[in-house]
Every structure is written in structure tokens, then in C-alpha cells.
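Student: My questions concern the predicted model and sequence given below.
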Amino acid sequence: MGWWVLIERSGWEIIAIELILTLLTYIFFPKLTVPLVMILTFTLFFFRDPPRRVGEGIVSPADGKVDFVSGRRIEIFMGPFDCHVNRSPVEGTVTRVVYHSGAKSPAYKRRENPERNEIYISNRDGEFKVVQIAGFFARRIVCYVREGEKVRKGQKIGIIKFGSRTVLEVPPGFKFTKKVGDRVKAGETIAVKSNV
């Protein structure tokens with residue numbers, strides 16, 4: 001498997017531009033090349049897309065740190081060094097995809113009305129909602145799925161570029177096994193069916 005396969009597809013346009021700028025700078029202004037190489041290296045790292053072995057149960061839709069848990073809602077902050085690829089927490093059918101314009105604030109802060117994209121996935125257990133939230137430095141929310149599409153658990157459903165948070169809301173009958181401060185990875189089990 002070539003290394004390029006491990007780069008998220010939405011990053012290739014940015015990487016190509018940075019690569020061309022770096023090569024031109026090297027030719028005409030070689031002393032200025034080092035900062036551009038550092039930027040290119042970070043971009044390659046940011047858009048990495050490592051393979052994942054999907055776990056049992058409901059899996060996390062994102063990599064990052066859990067910073068909010070309440071009832072049937074969990075929020076995951078994705079820092080600059082986390083993989084920003086979003087994955088489906090369950091197998092099911094995408095019933096709705098709803099984009100909301102709104103305020104952009106630092107991704108580590110919770111806001112009432114942020115810019116976000118909501119993906120609703122339904123199966124026999126109920127309706128699950130994944131919310132992609134753009135942070136202050138986020139350039140774009142990218143969604144790969146559309147209404148009516150069937151998705152596999154762990155399937156890539158989008159990415160948020162440069163700073164973000166992801167929310168998972170589960171239907172009644174489930175409880176989270178992760179708490180605030182825990183780190184999760186897309187593909188890691190984060191919720192189990194409740195016996196209550």
C-alpha cells in the first residue's frame with residue numbers, strides 16, 4: 001500500500017498547492033523553503049487517514065478527547081494533532097443531512113448555535129445523529145454521504161478541515177461508557193446498550 005493511500009482525499013488539493021509553492025520557492029528563493037516544507041509536512045500529517053479496525057457495538061465518529069457527556073449526547077474535541085476523518089458510528093440508512101450556518105468559535109468552546117452539519121442515520125435500534133461542528137480555524141465541513149444512502153459502521157462520512165468538534169447523539173436505550181477527559185478513536189466502542 002502506497003503512503004498516498006493514507007492521505008484523506010479532501011486534502012489533496014491543498015497539498016498539491018503547497019507542494020507547487022514549495023518547489024517554486026526552492027527554485028527562486030531557496031532560503032525561504034524551510035517554513036513551507038514545515039507547513040507541507042503539517043498538512044500531510046493533518047490529512048492522514050490511517051486504516052481502522054472497527055470495534056463492536058457503537059463506535060466513535062471521531063478521534064479526540066471527550067469534553068462533554070450528558071444523557072444521550074457526547075461531544076468530542078478534535079485538536080490539531082488528531083485525525084479529523086469522521087466515521088459512521090453504526091450501520092444504517094442516512095435519513096437526513098442538514099447544514100446550518102452559524103458562528104465560528106474556537107473548537108474547544110461549546111456554543112449554542114455553531115456552524116454545523118447534522119447527519120441522521122437510522123437502523124432498527126433507532127435514529128443516531130452525528131454533528132460536524134466547524135471551529136474558528138476550520139476552513140470547511142466536508143460531508144461524503146447523502147440522504148437515502150446506506151452506510152456501514154466505521155465508513156468515512158466526512159472530515160472537518162483544521163479544527164473542529166464532533167457530536168454523537170444516540171436513541172433511548174443506550175448509555176455511554178466514556179467520560180469527560182477520555183480519549184477516543186473513530187472505530188473505538190463508546191456506547192453500549194443499557195440494561196436500564
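Tutor: Cool, got the structure. From a predicted model like this one, the values you see are computed outputs, not experimental measurements. Numbering: from 1, shown residues only.
Student: now the lowest-mean-pLDDT helix or strand in the chain: how far from the chain's centre is it?
Tutor: One helix or strand of the chain scores below all others by mean pLDDT, DSSP states H and E: strand 189-193, with a mean of 78. Remark: strand 189-193 is offset 19 Å from the chain centroid, using CA atoms, centre = their mean, to the nearest Å.
Student: In this structure, which residue sits furthest out from the middle?
Tutor: Most distant from the centre of the chain: Phe28, at 37.6 Å, with distances by CA atoms, centre = their mean.
Student: which one's the longest helix in the chain?
Tutor: With DSSP state H applied, the helix covering the greatest number of residues in the chain is identified as helix 12-28.
Student: So which bits of that helix are buried?
Tutor: Ile14, Ile15, Glu18, Thr22, Thr25 (16 or more other CB atoms under 10 Å). The way it works is simple: take the backbone N, C-alpha and C, and place the C-beta from them, glycine included.
Student: ditto for stretch 152-160
Tutor: Neighbour count says stretch 152-160 has Lys153, Gly154, Lys156, Ile157, Gly158, Ile159, Ile160 buried, by 16+ other CB under 10 Å.
Student: Check stretch 116-131 too.
Tutor: For stretch 116-131, by 16+ other CB under 10 Å, it's Arg116, Asn117, Glu118, Ile119, Tyr120, Ile121, Ser122, Asp125, Phe128, Lys129, Val130, Val131.
Student: want to throw the residues you listed into a markdown table with secondary structure and distance to Tyr144?
Tutor: Putting the buried residues of stretch 116-131 into a markdown table (DSSP: H, G, I helix; E, B strand; the rest coil; distance: CB to CB, whole Å) gives the following:
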| residue | secondary structure | distance to Tyr144 |
| --- | --- | --- |
| Arg116 | strand | 16 |
| Asn117 | strand | 11 |
| Glu118 | strand | 15 |
| Ile119 | strand | 10 |
| Tyr120 | strand | 15 |
| Ile121 | strand | 13 |
| Ser122 | strand | 18 |
| Asp125 | coil | 23 |
| Phe128 | strand | 16 |
| Lys129 | strand | 16 |
| Val130 | strand | 12 |
| Val131 | strand | 15 |
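Student: from those residues, which two are the most distant?
Tutor: Arg116 and Asp125 (23.6 Å; CB to CB).
Student: quick one, domains of the chain?
Tutor: Domain segmentation of the chain under automatic domain parsing yields 3-46, 58-193.
Student: Show me the one of the ones you listed that comes nearest Arg52.
Tutor: Minimum separation from Arg52 across these (CB to CB) falls at domain 58-193, 3.9 Å.
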